[in-house]
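Q: Please work out how this folds:
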Amino acid sequence: MKKTLVIGASAKPDRYAYIATVMLGEYKHEVYPFGLKEGAIENVTIKTAWPTETDFDTVTLYLNKQNQKEYTDKIIALKPKRVIFNPGTENTEFEKTLREKGIEALEACTLVLLRTGQF
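A: Residues are numbered from 1 along each chain as shown. Next up is the predicted model:
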């Protein structure tokens with residue numbers, strides 16, 4: 001089980017962050033969906049407050065490069081083992097910074113990683 005922070009969570013069922021949150025739960029991972037708007041993803045409440053805990057294994061991003069800027073220092077401060085840059089969120093500068101801090105940076109799709117047993 002890998003505690004996962006989903007950044008860019010949405011209550012819209014057609015969004016990949018929504019689908020990822022559901023799948024993470026199905027695969028028995030503890031999930032913390034973080035978004036700007038209150039709502040729910042099935043029975044999981046979307047948090048609008050930045051997490052205070054720091055024991056995340058994985059951060060999975062559903063924000064474009066521009067919208068990541070306000071969270072880069074916060075993500076680094078969490079010291080996750082890895083950050084997944086889902087399609088459309090690639091950010092070579094941030095990825096380089098993470099690697100320099102000893103955090104794995106992956107350009108991958110959370111959904112594919114889950115389905116193929118690579119998560």
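Q: okay, CA-based contacts and neighbour counts for the rest of this
A: Fine.
Q: quick one: contacts for residue 90?
A: Contact partners of residue 90, counting by C-alpha atoms under 8 Å, 6 or more residues apart in numbering, are 64-65, 107.
Q: again but with residue 109, I slipped
A: By C-alpha under 8 Å, 6+ apart, the contact set of residue 109 is 84-87.
Q: rewinding a little: I'd like the contacts of residue 90 as a markdown table, with pLDDT, secondary structure and distance to residue 7 appended.
A: Below are the contacts of residue 90 laid out as a markdown table (pLDDT from 0 to 100; DSSP: H, G, I helix; E, B strand; the rest coil; distance: C-alpha to C-alpha, whole Å):
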| residue | pLDDT | secondary structure | distance to residue 7 |
| --- | --- | --- | --- |
| 64 | 96 | coil | 11 |
| 65 | 96 | helix | 12 |
| 107 | 98 | strand | 15 |
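Q: residues touching residue 10, list them.
A: By C-alpha under 8 Å, 6+ apart, the contact list for residue 10 reads 17-18, 35, 37, 39-41, 46.
Q: ok but residue 23 is inside a helix, no?
A: Yes: per DSSP: H, G, I helix; E, B strand; the rest coil, residue 23 lies within a helix segment.
Q: can you map out the helices along this structure?
A: With DSSP state H, the ranges of helices along the chain come out as 16-26, 65-68, 72-78, 92-100, 110-115.
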